[in-house]
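Asker: One predicted model, sequence on top.
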Amino acid sequence: MSNPYEAPRTDAQLRQDACCSYCEESYRDVGPLVEGPDLVYICEKCCDEAIATHNEMKQPGPAGQWCSFCRKEGVVTGAFFTAESGVQTCAECADLVQHILEQELNYRDARNERSRERNLQTRSSRN
Ligand SMILES: [Zn+2]
Ligand SMILES: [Zn+2]
């Protein structure tokens, strides 16, 4: 039951301190999170774990249960990687999340690279 004295939090507020739905760590600690529908999140570490788990268990997925990210039924997607919170990720979504995170991290690296170059330039121009 929700606390009647606490105003329901808006999506924006929830996003502001988004935590991975698997390890419950904040994006401040674990880096970028990929957001699914209904404020479901997964971090890079848990995505790696999901992919490793999916590679091990080549089982058919459950009927009547749906992937928290693509909303497809287990019988279509194959087995899920399930969090204690009940969030579940199919193999296809885990791959997609990994791809998105790679792009995000490459983008950040590229940005850091550029700022390093700028620092070098400012430093050398002072000489
Ligand atoms: Zn996580
Ligand atoms: Zn999925």
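Answerer: Happy to help now that I have it. Ligands and ions are numbered 1, 2, ... in the order given.
Asker: Let's verify the most centrally placed residue in the chain: helix, strand, or coil?
Answerer: Centroid-nearest residue in the chain, with C-alpha atoms, centre = their mean: Ile42, separated by 2.5 Å. In terms of secondary structure, Ile42 is strand; the call rests on DSSP: H, G, I helix; E, B strand; the rest coil.
Asker: so who does it touch?
Answerer: Contact partners of Ile42, counting by C-beta atoms under 8 Å, 6 or more residues apart in numbering, are 20-22, 33-34, 36, 50, 69, 87, 89, 97. Yep, even glycine has a C-beta here, placed from its N, CA and C like the rest.
Asker: Among those, which are located in strands?
Answerer: Applying DSSP state E to those, the entries found in strands are 33-34, 36, 89.
Asker: Show me what counts as buried in stretch 23-36.
Answerer: For stretch 23-36, a neighbour-count test (16 or more other C-beta atoms under 10 Å) marks 23, 25, 27, 30, 32-36 as buried.
Asker: and it, anywhere near ligand 1?
Answerer: Yes - legend: contact between stretch 23-36 and ligand 1 by C-beta under 5 Å from the ion is shown at Cys23.
Asker: first to last residue in that stretch, what's the distance?
Answerer: Start to finish, the residues bounding stretch 23-36 are 15 Å apart (C-alpha to C-alpha, to the nearest Å).
Asker: Mind listing residues that contact it?
Answerer: The set of residues that contact stretch 23-36 without belonging to it, under C-beta under 8 Å, 6+ apart, is 15, 17-20, 41-47, 68-69, 85, 93, 97, 100-101, 104-105, 108.
Asker: who in the protein is up against ligand 2?
Answerer: Taking C-beta under 5 Å from the ion as the criterion, the contact residues of the chain with ligand 2 come out as 67, 69-70, 90, 93.
Asker: Which of those residues fall in helices?
Answerer: For these, membership in helices holds for Cys93, with DSSP state H as the criterion.
Asker: Noted, bye for now.
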